[in-house]
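A.B. asks: Output the structure for:
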Amino acid sequence: WYRVSPAEIINAQYVRTVAANAPHRVRWLVDECRKRGYKRVVELGSIDGVNLFAYEQLAPEIEWHGVEVNPKGREHALKLCEETGRKPLNLHTASFDEFAELVENENMLTGGAPIGRFDAAAVFEVLEHNYNPHPLLDAAEKCVKPGGRIYITTPNGNWSAHDEKTRVLDLRKDHVRAWTAKRMRELLETRGAKDIEVFVKENEDSFWEANSWVCASHAV
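C.D. replies: Residues are numbered from 1 along each chain as shown. Next up, the predicted model:
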């Protein structure tokens with residue numbers, strides 16, 4: 001997936017069919033948000049809207065936002081919106097720390113709209129790219145109202161690329177940490193997280209890279 005630049009991950013055909021083919025973790029988040037009555041949700045690390053397109057198609061009643069540090073991701077997402085006749089995504093270009101500060105202070109985002117805290121935040125396939133997960137999770141928690149939740153997914157172990165020989169806990173290219181359910185729970189417990197849920201979901205979709213996923217959530 002990360003072998004290409006953010007502007008090359010998805011195309012118009014993907015945008016048109018993503019709702020029918022959305023992976024488990026996307027459907028998990030949508031189901032959780034509906035069950036809990038969440039109305040505003042933000043994803044940290046949205047690349048070029050690869051998940052945002054699915055969220056919006058599966059649950060248009062929820063206000064979805066995304067944050068991506070690379071401006072090329074947002075540019076590509078807006079281009080895909082034009083090509084497919086969709087309204088522009090709420091995809092913001094900023095570092096996670098910068099975005100969290102805007103949310104905390106209810107400052108203005110690009111386009112002049114003030115923004116407040118969200119009901120939930122998603123951190124999907126991001127922790128494995130960071131040596132230190134704490135600043136990222138700190139930012140996510142700052143974006144969420146008290147009583148909301150943080151949702152996290154990572155490959156279980158390391159990126160497999162459909163090849164069992166590379167399914168190890170070693171480093172691989174842009175993945176600098178490998179996570180398991182045990183490691184994830186220990187991380188969240190160390191942070192003093194409340195109402196922790198951690199489980200492993202086997203991959204049933206050959207398009208996505210890992211053999212299985214660690215899924216976790218906790219209350220803010």
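A.B. asks: Please name the bridge partners of the spatially most central residue of the chain.
C.D. replies: By Cα atoms, centre = their mean, the mean C-alpha position of the chain lies nearest to residue 124, the distance being 3.2 Å. Assessed by DSSP bridges, residue 124 has beta-bridge partners residue 153.
A.B. asks: again, but for residue 201
C.D. replies: Assessed by DSSP bridges, residue 201 has beta-bridge partners residue 213.
A.B. asks: With residue 41 instead?
C.D. replies: Taking DSSP bridges as the rule, residue 41 bridges to residue 64, residue 120.
A.B. asks: That one - how many residues pack around it?
C.D. replies: Using other Cβ atoms under 10 Å, residue 41 has 26 other residues around it. Using the backbone N, CA and C atoms, a C-beta is placed for each residue, glycine as well.
A.B. asks: In this structure it contacts residue 61, no?
C.D. replies: No. Using Cβ atoms under 8 Å, residue 41 is not in contact with residue 61; the gap is 11.3 Å.
A.B. asks: Give me the common contacts of those two.
C.D. replies: Common neighbours of residue 41 and residue 61, counting by Cβ atoms under 8 Å, 6 or more residues apart in numbering, are absent.
A.B. asks: which residues does the residue nearest to the centre of the chain contact?
C.D. replies: Shown in contact with residue 124 (Cβ under 8 Å, 6+ apart): 25, 29, 43, 45, 51, 151-153.
A.B. asks: Could you dump the residues you listed into a markdown table and include pLDDT and neighbour count?
C.D. replies: Below are these laid out as a markdown table (pLDDT from 0 to 100; neighbours: other Cβ atoms under 10 Å):
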| residue | pLDDT | neighbour count |
| --- | --- | --- |
| 25 | 89 | 22 |
| 29 | 97 | 29 |
| 43 | 97 | 28 |
| 45 | 93 | 21 |
| 51 | 94 | 23 |
| 151 | 98 | 22 |
| 152 | 98 | 26 |
| 153 | 95 | 27 |
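A.B. asks: Among those residues, which ones are in helices?
C.D. replies: Among these, the ones falling in helices (DSSP state H) are 25, 29.
A.B. asks: For residue 104, state which of the contacts of residue 124 is nearest.
C.D. replies: residue 43 (17.9 Å; Cβ to Cβ).
A.B. asks: Turn the contacts of residue 124 into a markdown table, including distance to residue 220.
C.D. replies: Shown next, in a markdown table, are the contacts of residue 124 (distance: Cβ to Cβ, whole Å):
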| residue | distance to residue 220 |
| --- | --- |
| 25 | 20 |
| 29 | 15 |
| 43 | 16 |
| 45 | 18 |
| 51 | 21 |
| 151 | 11 |
| 152 | 13 |
| 153 | 17 |
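A.B. asks: and which of the contacts of residue 124 is nearest to residue 98?
C.D. replies: Distance to residue 98 across these (Cβ to Cβ) is lowest for residue 45, with 13.7 Å.
A.B. asks: all strands of this protein, in order?
C.D. replies: 40-44, 63-68, 91-93, 118-124, 144-155, 194-202, 212-219 (DSSP state E).
A.B. asks: Please identify which of the ones you listed is closest to residue 84.
C.D. replies: Counting by Cβ to Cβ, residue 84 lies closest to strand 91-93 out of the strands of the chain; the figure is 14.7 Å.
A.B. asks: mind listing what residue 197 touches?
C.D. replies: With contact taken as Cβ under 8 Å, 6+ apart, residue 197 is in contact with 216-218.
A.B. asks: at 7 Å instead, please
C.D. replies: Listed by Cβ atoms under 7 Å, 6 or more residues apart in numbering, the contact set of residue 197 reads 216-217.
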